[in-house]
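In: model this:
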Amino acid sequence: RLTRRMGYGALLLPPRTDGTSPYKLALLCAPLVMAALAAITLALTAIFWHTGPARALMIMPIACVLAIVFILLPRRNTTDCLSRVLAFRSRDKRRAWECSMHITAALSDGKRLMDMPEEWFQQYPAEVAEDLYVSNCIINGSSRLIRQARFAEAYEMLRPLFDLAPAPETHQLVACVLLNGAICEALAELPPHCLRQLELPSVKYMTPASWTPRLRTAQYARALFLNHDEAEAAALWTQIEKDMAADRIDDELIRRMQEKAGLITKEDNV
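Out: Residues are numbered from 1 along each chain as shown. Now for the predicted structure:
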């Protein structure tokens, strides 16, 4: 990854989405490069040991070894190389990794979820849903389905994550799952499981900044369909109008809610 853009990371992968990419080399390339650099600098230092600059080079192999140790250290969110290699014995997790890399690279290039291939947004079994890349694909896939007005399908995609326990490494994921789920419940005649949980600390305090308009949309849905609170809906509407003007909220989504709540007629929603 040479810059903030993830496109370079995707270049490590063949264009596959079936879990057959050569993941070991891609995951272990960083420690392998560090090891090669350490070996080269150590050899140069040994050859030219009689010169002062060569002896100063000894800091390089030491620094490389420390970098390798840091890269390989286990992390709580299992993003370290060795944890990923072990996790990718599951083909579903490999598929999610491939798709997630493609999605992230496309988002970095300014593309919209709606413009990405359908094959990048696959279903995954519940037993792997908490994996970092699987959950990323589920959230992006459900957001894409919501934009396509396929609310019931989006809800089914989210189901494996509904029982996710809030924790430091999962708070933002829980928030995103509940916000997407709340919109699906409002527009697909589903029980208000997510709509009732919008006051959870994960949602109130850990919603990503880029999801703030989605939070207001979910709160607007709760005011209309769960609380039936016109004052709350009106208070939210002021900011939602600004979000719509700035293209931060899907206008069609809001109009569907208003039509269902009887605020506008079907003829107005054209």
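
In: all helices for the stretch 151-270 of the chain, in order.
Out: 151-158, 171-187, 201-206, 212-225, 230-245, 251-260 (DSSP state H, counting those that start in this stretch).

In: Out of the ones you listed, which gets nearest to residue 24?
Out: helix 171-187 (26.7 Å; CB to CB). Every C-beta, even on glycine, is put in place using the N, C-alpha and C of the backbone.

In: what pLDDT, on average, does that closest one get?
Out: What helix 171-187 shows for mean pLDDT is 95.

In: dump the residue contacts of the closest residue to residue 87 other than its chain neighbours.
Out: Distances taken as CB to CB, 6 or more residues apart in numbering put residue 93 closest to residue 87, at 5.2 Å, once the chain neighbours are dropped. Counting by CB atoms under 8 Å, 6 or more residues apart in numbering, residue 93 touches 87, 128, 131, 133-134.

In: List the residues that contact residue 122.
Out: 17, 95-96, 99, 137, 141.

In: And residue 131, by the same measure?
Out: Applying CB under 8 Å, 6+ apart, the residues contacting residue 131 are 87, 90, 93, 96.

In: Look at it and report its pLDDT.
Out: Looking at residue 131, the pLDDT reads 91.

In: Quick check: closest non-adjacent residue to residue 94.
Out: residue 19 (3.9 Å).

In: Quick check: the gap between that neighbour and residue 213.
Out: 34 Å (CB to CB, to the nearest Å).

In: With residue 101 instead?
Out: Residue 101 is 26 Å from residue 213, by CB to CB.

In: Likewise for residue 97?
Out: 29 Å.

In: So those two - more neighbours on which side?
Out: Set residue 97 next to residue 213 and count neighbours by other CB atoms under 10 Å: residue 97 wins out with 25 against 18.

In: is it true that the more buried one touches residue 85?
Out: No. Under the criterion of CB atoms under 8 Å, residue 97 makes no contact with residue 85, lying 11.2 Å away.

In: Give the residues shared as contacts by these two.
Out: residue 23.

In: circling back to that earlier point, compare the contacts of residue 131 and tell me which is most surrounded.
Out: Going by other CB under 10 Å, residue 96 tops the contacts of residue 131 with 27 neighbours.

In: and the residue nearest to residue 94, how many neighbours?
Out: For residue 19, using other CB under 10 Å, the count is 17.

In: residues in contact with it?
Out: 91-92, 94-95, 98.
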